[in-house]
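[1] Quick one: sequence plus predicted model below, questions after.
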Amino acid sequence: MHKDILRKSEWFRKALDGDFRESHDQMIDLPEENPVAFSFLIAYLYEDKFQPIQPAFDAMSKTSWICIFTEANTS
């Protein structure tokens, strides 16, 4: 996940650039987030539009752990 994309979100920008562990580690751990629902957010940040590929009910019924590692934008 590119940091420049995550920084479009105020929450991620503050986490990555602020005085937080995530800023030092350049890693954000989101164990309580639904990975499918989070993928909708990532798609929105990359494409600046929200267009779910499956019904929200189906997306929200799946659960697991997710850890986002950030990397420098290579473009």
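    Perfect, I can see it now. Numbering: from 1, shown residues only.
[2] what about stretch 17-31, start to end distance?
    Distance between the two ends of stretch 17-31: 21 Å, counting by C-alpha to C-alpha, to the nearest Å.
[3] Check which residues of it are buried.
    Neighbour counts over stretch 17-31 (16 or more other C-beta atoms under 10 Å) mark Glu22, Ile28 as buried. For glycine as for every other residue, the C-beta is placed from the backbone atoms N, C-alpha and C.
[4] for the record, mean pLDDT for it?
    The average pLDDT within stretch 17-31 is 90.
[5] same check, this time on stretch 38-52
    Averaged across stretch 38-52, pLDDT comes to 81.
[6] Give the closest residue to Tyr46 in space, chain neighbours not counted.
    What sits nearest to Tyr46 in space, not counting adjacent residues and going by C-beta to C-beta, 6 or more residues apart in numbering, is Ile5, at 5.8 Å.
[7] next one: Leu41
    Using C-beta to C-beta, 6+ apart, the nearest residue to Leu41 is Ser9, at 7.8 Å.
[8] How many residues are close by that neighbour?
    Per other C-beta atoms under 10 Å, the neighbour tally for Ser9 reads 14.
[9] what's the spacing between it and Ile28?
    For Ser9, the distance to Ile28 equals 11 Å [C-beta to C-beta, to the nearest Å].
[10] Identify each buried residue in the longest helix along the chain, please.
    Counting residues, the longest helix found in the chain (DSSP state H) is helix 35-47. Buried residues in helix 35-47, counting neighbours by 16+ other C-beta under 10 Å, are found at Val36, Phe40, Leu45.
[11] tell me which of those residues is nearest to Arg21?
    Distance to Arg21 across these (C-beta to C-beta) is lowest for Leu45, with 22.0 Å.
[12] I'd assumed Ile5 was in contact with the closest one.
    Yes: using C-beta atoms under 8 Å, Leu45 is in contact with Ile5, at 5.1 Å.
[13] so the nearest residue to Asp17 once chain neighbours are set aside is in which element?
    Distances taken as C-beta to C-beta, 6+ apart put Ser23 closest to Asp17, at 6.0 Å, once the chain neighbours are dropped. Using DSSP states H and E, the element containing Ser23 is helix 21-25.
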